[in-house]
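K.L.:
The sequence isn't on hand, but the structure is:
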């Protein structure tokens, strides 16, 4: 049985004049210890997916329908007490900005020990020892001293390590990381990602990594969901998706990367912009930007179908595949 | 999420843009603001139309008969039907006098605030944009100015001018003296707010962009920074109008403002004060109520505007 | 292009330094130490002795991590900041000590594109106003119709529909705003454009659009770029030469192809290895110890020595000089100079 099972999750925002659908019928599973990447551009709904998994969606947003089963228990229907137990204990979340997540007026030690005491029956000294062990696990030098420091005394990379240590404090089964390294530099990002990967593998912790960076997803995850305008448009094993993307949007996203074009040549760009959620075009949401769009694409929303190894929501996937094969033969 | 795409559509008219803007929307949703605006519009409209609405002209001695003094309002026994709100101690129709008085109070309030705004915005822009020593100098001046209360400065100034020019001349130009003293005394409020917004706006890249394009400091201040600093200016302006009206009323109440022959709300309250124990309460109470309502609705409008325009509370 | 100037670089940066004082005002500089009142100023050493040339028609990319001073270099060259010491020459004449009036003729030639398209356009100006303003300012002899034609031409060239001119910036998406910002810089027909992280605030699919637009403008208008970025994959694609900055100092300058195929400075190597790759599963990520020191207390000697695996006593005491390598690159590293690096790298 999978650890997390999301079925037909639909999240709406009641705006001033209308109701906006931010997530539209999202379904996916995460097995125990599995690492899943959610990729998309801003406005695709990837962060809202992360928030709704923790039941952190607040007004004017609400879960319209669907369920989020964590070990068979529906997160959407949980009461606050059970939710508080669950957050940290079973699921933990790592946010983009480490400065916002840590409370600036409490020391690292206070924040870690309070979290432990709230969930476990421990003495203060025992909690302190656990905190030190967890800090050591994320390679924080001299953890005993760090416990008495305030967040502002630490560098960005160090803070993000501490946040990971806090997320791991209660040995959760699933970590949701929302752009955990976007605010960090490349060399620090590489360190943090390596650390996260190592911890997930050694502790058999599931990971949902939300990011816009295909490179990061490619190195970190086993399976990937690609989101566009509040829907999953492609899902499958990360290798398959990176090496042989089926959906024209995924293809475009990968082809648009500078690495994919010879230096100095024009990049293969996707024309246009992501539609705003208030103004999603009829049919396939990607159709105005898609070079393969047909009349069917402009009128009917494509269902998610199994195609080879991946699930993809595209009417023209067979034709695309045939054309791709022909081009390869010609080349 | 700001991924609005621009699609070809008809340009909406200016009015519908205002109605559908965030301000228009929050206004319609806020009954306090709607009621406040209606009351304010009624008071201001009546005040500025007073020459046409008022049954008598309180400035015209020919229309005043001392024999008519201290008639109570219409709903109290012993009243005369032609004086709806009664008459004051000099026999002027209170309704007409209040209308004219409100007009004077509003006029002084608005003009004083315009003067404050002009001084404060110029000084604030200079201090914030140029910075350094000039900023230090101007802001210390503002601190010194703020450490005297407005009323204290005004009382000293008005008392001295009254003594210098004699009360005849003073009474003639009282409106201008009041505008000048209230205007000058409160510029630091504007200067500080404007300076703070300028400092915030100055860091933004569009200012750098203007500098790279070679625009001069005047152009950058007036064309680029000022239009983006208008929200806080609007907010303090409403509060300042209310404050200026109160200052004017206080000064007039103390006898340093408008003379009894040309009463503002404050001097009306003051002149009625002597009769309050002889039973003629209406001369003080009715203009007092008008003053309180006027100041209250302006402040409520200011509160609403602050909530709407505060970027921390409002994210578009 | 002028033939006689083909040899001299368009922009020469010589020994550029910029320090920002942390303690402003006399009272803040007073410190009570060891029972004695002393006056000391702390300063952020944002840029330290940077020497760089930008040749005509090239795109020089400056890369580095946050706090390495790359944006400060851009702002110094654009004249938004004045250098603490050092010189900046444009087309043979010195520009860093000019007054605003003396800079005026160069303002047409040097333009800048900023990182955040949400902040680089005045929110209270329509697109038309924003684009016409620089034209009117720099070409005062233009008639209203000429101004309009110029703006329309630039708008078309960057792919902004001229019928949008009446709208305000908030009605556009990030990518469209960045196009408009580029259009604004192009309205005065510049020859040199400083781009400070122009695509890092944009989505992946939009990044490609904006990069393509900048490449097109480079070819059709003969532009020279100083391109500031932290994204090495963009550098590899866009840059003709690369300068790697660390803690306000230049580590390595080389042709793009040379730098990516044969990086020499240990920091460049670490930086390149840290870029997440799309296709290979096992990157040889070089782990750096520690984190970037703050530029307030600069380490002695080589700025990189506190994190460098090859640092020895010389690195800790003596700052390295930039030395020309056989393949034309310029590297500031004692270990490279002493050929210590490659044997160690094999050993590790």
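P.N.:
On my side now, so go ahead. Quick caveat, the model's predicted, so the values are computed rather than measured.
K.L.:
what residue lies at the spatial centre of chain A?
P.N.:
residue A:210 (2.1 Å; CA atoms, centre = their mean).
K.L.:
Could you verify that that one is part of a helix?
P.N.:
No - counting by DSSP: H, G, I helix; E, B strand; the rest coil, residue A:210 is not part of a helix but strand.
K.L.:
what separates it from chain C, distance-wise?
P.N.:
14 Å (CB to the nearest CB, to the nearest Å). All C-beta atoms are positioned from the backbone trio N, CA, C, and that covers glycine.
K.L.:
Read off the pLDDT value for residue 18.
P.N.:
All of this refers to chain A. Note on residue A:18: pLDDT of 81.
K.L.:
Actually, chain C is the one I wanted.
P.N.:
For residue C:18, the model assigns a pLDDT of 91.
K.L.:
and it, how many neighbours?
P.N.:
If you count neighbours by other CB atoms under 10 Å in any protein chain shown, residue C:18 ends up with 23.
K.L.:
can you pull out the strands in the stretch 201-348 of chain C?
P.N.:
Secondary structure of the stretch 201-348 of chain C (DSSP state E, counting those that start in this stretch): strands located at C:224-229, C:241-246, C:249-255, C:323-324, C:330-331.
K.L.:
ok, back up a step: isn't the residue nearest to the centre of chain A up against residue A:48?
P.N.:
No - shown here, residue A:210 and residue A:48 do not form a contact pair, counting by CB atoms under 8 Å, at 9.8 Å.
K.L.:
list the contacts for the residue nearest to the centre of chain A?
P.N.:
A:37-38, A:46-47, A:49-50, A:176-179 (CB atoms under 8 Å, 6 or more residues apart in numbering or on different chains).
K.L.:
Save these as TSV, and put in distance to residue A:272 and secondary structure too.
P.N.:
Shown next, in TSV, are the contacts of residue A:210 (distance: CB to CB, whole Å; DSSP: H, G, I helix; E, B strand; the rest coil):
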residue	distance to residue A:272	secondary structure
A:37	25	strand
A:38	22	strand
A:46	20	helix
A:47	22	helix
A:49	24	helix
A:50	26	helix
A:176	30	strand
A:177	30	strand
A:178	26	strand
A:179	24	coil
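K.L.:
quick one: which of these is nearest to residue A:326?
P.N.:
residue A:37 (30.7 Å; CB to CB).
K.L.:
OK, contacts around residue A:39?
P.N.:
Per CB under 8 Å, 6+ apart, neighbours of residue A:39: A:46, A:211-212, A:214, A:217, A:224-227, A:253.
K.L.:
Out of those, list just those in strands.
P.N.:
A:211, A:224-227 (DSSP state E).
K.L.:
Return the closest of the residues you listed with respect to chain B.
P.N.:
residue A:227 (13.2 Å; CB to the nearest CB).
K.L.:
surely that closest one meets residue A:43?
P.N.:
No - under the criterion of CB under 8 Å, residue A:227 is not in contact with residue A:43, lying 9.7 Å apart.
K.L.:
What residues does the stretch 151-300 of chain A have near chain C?
P.N.:
With CB under 8 Å from any CB of the partner chain as the criterion, the stretch 151-300 of chain A meets chain C at residues A:155, A:157-158, A:185-191, A:193-194, A:212-216, A:218-219, A:242-243, A:252-254, A:256-261, A:263-264, A:266-271, A:273-274.
K.L.:
Enumerate the positions of stretch A:161-171 that are buried.
P.N.:
A:161-170 (16 or more other CB atoms under 10 Å in any protein chain shown).
K.L.:
how much space is there between the residue in the stretch 1-150 of chain A positioned nearest to chain B and residue A:23?
P.N.:
Nearest residue of the stretch 1-150 of chain A to chain B (CB to the nearest CB) works out as residue A:43 at 4.3 Å. As defined by CB to CB, to the nearest Å, residue A:43 lies at a distance of 12 Å from residue A:23.
K.L.:
Between those two, tell me which one has more neighbours.
P.N.:
residue A:23 (29 against 24).
K.L.:
Would you mind listing what in chain A touches chain B?
P.N.:
Close to chain B, as judged by CB under 8 Å from any CB, chain A has residues A:16, A:42-43, A:272-277, A:279.
K.L.:
thinking again about what came up before, if you compare the strands of the stretch 201-348 of chain C, which one is most tucked away?
P.N.:
Among the strands of the stretch 201-348 of chain C, strand C:241-246 has the highest mean neighbour count (mean count of other CB atoms under 10 Å in any protein chain shown), at a mean of 27.
K.L.:
Relative to residue A:323, how far out is the residue of the stretch 101-250 of chain A found nearest chain B?
P.N.:
Minimum separation of the stretch 101-250 of chain A from chain B (CB to the nearest CB) falls at residue A:229, amounting to 9.4 Å. Counting by CB to CB, the gap from residue A:229 to residue A:323 is 25 Å.
K.L.:
ok, which pair from the contacts of residue A:210 is furthest apart?
P.N.:
A:37 and A:47 (13.6 Å).
K.L.:
Neighbour count: those two, which is higher?
P.N.:
Using other CB under 10 Å, the more surrounded residue of residue A:37 and residue A:47 is residue A:37, with 26 against 19.
K.L.:
For residue C:39, which of the strands of the stretch 201-348 of chain C is the nearest?
P.N.:
Of the strands of the stretch 201-348 of chain C, nearest to residue C:39 by CB to CB is strand C:249-255, at 28.1 Å.
K.L.:
what packs against that closest one?
P.N.:
Strand C:249-255 is packed against strand C:43-54, strand C:241-246, helix C:266-274, strand C:330-331, with contacts defined by 3 or more CB pairs under 8 Å, 6 or more residues apart in numbering or on different chains; DSSP states H and E.
K.L.:
okay if I get those as TSV plus distance to chain A?
P.N.:
Below are the helices and strands packed on strand C:249-255 laid out as TSV (distance: least, CB to the nearest CB, whole Å):
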stretch	distance to chain A
strand C:43-54	16
strand C:241-246	10
helix C:266-274	4
strand C:330-331	19
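K.L.:
So which of the ones you listed is the most surrounded?
P.N.:
strand C:241-246 (a mean of 27).
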